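[1] kindly generate the corresponding structure for this input.
(chains A, B, C and D)
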2 protein chains.
Amino acid sequence: MGIKEKRAHYKEEFRREILNAARELFIKEGCEKFSMRKFADKIGYSPTTIYLYFKNKDELLLAICEEVSEEFLTNLRHIRASQSNPLDALRQALLDFIDFGFENPNEYKVFFFTRLNVYSAPKEFMEKKSMRRDSYLEFRAIVEDCVEAGKLRRMDIDILTQVFAISIHGLLSMTIYNISFPWAERQVLSVALVDGLLRGYRT
Amino acid sequence: MGIKEKRAHYKEEFRREILNAARELFIKEGCEKFSMRKFADKIGYSPTTIYLYFKNKDELLLAICEEVSEEFLTNLRHIRASQSNPLDALRQALLDFIDFGFENPNEYKVFFFTRLNVYSAPKEFMEKKSMRRDSYLEFRAIVEDCVEAGKLRRMDIDILTQVFAISIHGLLSMTIYNISFPWAERQVLSVALVDGLLRGYRT
DNA sequence: ATTATATGTTAACACTGTTAATATAACCCT
DNA sequence: AGGGTTATATTAACAGTGTTAACATATAAT
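    From the prediction side, this is the model:
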């Protein structure tokens, strides 16, 4: 290995270390309280150093976002492979989604609420490879399985996929952000939502 | 009228003027770009002056929030009074909700995403009068009408109400915030969601 | 007229993300 | 091995944020 590649390798390694530390602090402190300066302080570097590895805060958050998405994608693939009944797979995917959000509110926030104008145009999102995109496609595939198996109404797959995603997101973002409202018990609310949705689009 | 009350009246009037100006700027500039300093500059006062009328930024945003909620409540009452079929009323309420969000994204943001810890405890939210609370209750009443009329499944009214609210919120917050994703056409997505929901909880 | 209060301002504090200028260390090549 | 180049990290600074303390002035009460 040439010395130049070795250098690039070390840089990449350090980038990952920064990323992991950032994610850790992010989860602990929460989305709103995470600041570049505090983070730099935490890892014992000056704030400007981070900018040598990440263009700006958005890119750092996006990198965290991609990491979380990767875990998510792995889980979706596992569900799809292990469940024989596609409707059960969908149901489990939805419930897992919800559980993940409830258990990791801060990760969920970065997962959905970082300014994702990083992908610039909506069109570009689908063209450029990203864990976020692949997660969507994997989730979409599960929905498609259900339609193909005649379990869900035959309608535009993207519409159907997005309706599911949107509803779950609503549950999570509402209960996570709007914490001063006396929401019903999570478990009950989740099951009511998922069952209602599946019922609403069943054949 | 005593001079003291007159003074209080003037103060209240000025507070409203500030509030209206704030809301206007808020809508134009957007939630994220709204700053106390810029706002103060806009209305020709120093930033500290605003603090004589609003405790802090959160309270100012909350006041805007309450104003928006009031319009919302009015609309809900109108729907409930004018529609004879409760299911039609619910359907229209949901679609109006969506339209409002699409047409006023910035107002929607403040409506749902200001730190509402202002209400401190969830329990307090239901006890203290607020336009937000009354909007919820009015919406809940429409849902209850549907259940009473045997149009919707007989289940916990709050659960049912919250499931609807959550789903619509998901649609709005996703399409408003996550603008880099190639969402399906709004109209189609909205109708698919509302129809699916009503179908999912119908008797 | 003098005291008290209400209203508004300036200056400052403690933050934020980000960049320009600068120092130091590491590597490359002759 | 030494001089030049590049990579890495730092300090200082800019422009912005919400918010408060200290201060001035106009109005009302006594």
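
[2] contacts, neighbours, all on C-alpha from now
    Fine.

[3] in chain A, which helix or strand is least confident?
    For chain A, scoring each helix and strand by mean pLDDT, DSSP states H and E identifies helix A:105-113 as the least confident one, at a mean of 80.

[4] ok, then the element right after that helix?
    The helix or strand immediately downstream of helix A:105-113 is helix A:122-127, counting by DSSP states H and E.

[5] so is that following helix next to chain B?
    Yes: residues of helix A:122-127 are located near chain B by CA under 8 Å from any CA of the partner chain, namely A:Pro122, A:Lys123, A:Phe125, A:Met126.

[6] quick check: of the residues you listed, which lies closest to A:Ile79?
    A:Met126 (23.0 Å; CA to CA).

[7] that closest one reaches A:Arg132, doesn't it?
    No: applying CA atoms under 8 Å as the test, A:Met126 and A:Arg132 come out as separate, 9.7 Å apart.

[8] which of those two has more residues huddled nearby?
    Shown here are A:Met126 and A:Arg132; by other CA atoms under 10 Å in any protein chain shown, A:Arg132 has more neighbours (22 against 18).

[9] for that one, give me its contacts.
    Residues counted as contacts of A:Arg132 (CA atoms under 8 Å, 6 or more residues apart in numbering or on different chains) are A:Glu66, A:Ser69, A:Glu70.

[10] for A:Arg202, give me phi and psi.
    When read as degrees, to the nearest 10, the backbone of A:Arg202 gives phi -70, psi 160.

[11] I meant A:Ala184, not that one.
    Main-chain dihedrals, A:Ala184, degrees, to the nearest 10: phi -60, psi 170.

[12] gap between it and DNA strand C?
    34 Å (CA to the nearest atom of the strand, to the nearest Å).

[13] distance of that residue relative to DNA strand D?
    A:Ala184 sits 30 Å away from DNA strand D, going by CA to the nearest atom of the strand.

[14] tell me who's in contact with that residue.
    The contact partners of A:Ala184, taken as CA under 8 Å, 6+ apart, are B:Asp158, B:Ile159, B:Gln162.

[15] what about A:Ile18, how many neighbours?
    Neighbours of A:Ile18 under the rule other CA under 10 Å: 19.

[16] before we move on, back to that, for the least confident helix or strand of chain A, which outside residues touch it?
    Residues outside helix A:105-113 that contact it (CA under 8 Å, 6+ apart) are A:26-27, A:30-31, A:61-62, A:64-66, A:68-69, A:100-101, A:173, A:176, B:177-178.

[17] of those, just the buried ones, PyMOL syntax please.
    To isolate the buried members of the contacts of helix A:105-113 in PyMOL, using 16 or more other CA atoms under 10 Å in any protein chain shown:
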select buried, (chain A and resi 26+27+30+31+61+62+64+65+66+68+69+101+173+176) or (chain B and resi 177+178)
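
[18] near DNA strand C, from the contacts of helix A:105-113?
    Among these, no residue lies close to DNA strand C (CA under 7 Å from any atom of the strand).

[19] of the contacts of helix A:105-113, which belong to helices?
    Among these, DSSP state H puts A:26-27, A:61-62, A:64-66, A:68-69, A:100-101, A:173, A:176, B:177 in helices.

[20] which positions in chain A make contact with DNA strand C?
    So chain A meets DNA strand C at A:3-4, A:34-38, A:47-48, A:51, A:55-58 (CA under 7 Å from any atom of the strand).

[21] buried subset of the residues you listed, written for PyMOL?
    Selecting only the buried entries of those in PyMOL, with 16+ other CA under 10 Å as the criterion:
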select buried, chain A and resi 34+35+36+47
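
[22] need the helices for chain A, in chain order.
    Assigned by DSSP H, the helices in chain A fall at A:3-29, A:36-42, A:47-50, A:57-82, A:86-103, A:105-113, A:122-127, A:131-148, A:157-177, A:186-201.

[23] give me the helices and strands touching the last one, please.
    Read it as helix A:186-201. Contacts defined by 3 or more CA pairs under 8 Å, 6 or more residues apart in numbering or on different chains; DSSP states H and E place helix A:186-201 against helix A:86-103, helix B:157-177, helix B:186-201.

[24] the last one vs helix B:86-103, what angle?
    By that I understand helix B:186-201. Inter-element angle recorded for helix B:186-201 and helix B:86-103: 150 degrees (by axes from the mean of the first three to the mean of the last three CA atoms, to 10 degrees).

[25] report the buried members of the residues of helix A:122-127 next to chain B.
    The buried subset of these - by 16+ other CA under 10 Å - is A:Pro122, A:Phe125, A:Met126.

[26] next, the residue in chain A that DNA strand C sits nearest to: phi, psi?
    At 3.0 Å from DNA strand C, A:Ser35 is the closest residue in chain A, using CA to the nearest atom of the strand. Per-residue torsions, A:Ser35: phi -130, psi 150 (degrees, to the nearest 10).

[27] who are the contact partners of it?
    Under the criterion of CA under 8 Å, 6+ apart, A:Ser35 has no neighbours.

[28] quick one on the thing from earlier: nearest to B:Pro86 among the residues of helix A:122-127 next to chain B?
    The closest of these, once distances to B:Pro86 are taken by CA to CA, is A:Pro122, at 38.3 Å.

[29] test my guess that that closest one contacts B:Ile179.
    Yes: judged on CA under 8 Å, A:Pro122 makes contact with B:Ile179 at a distance of 7.2 Å.
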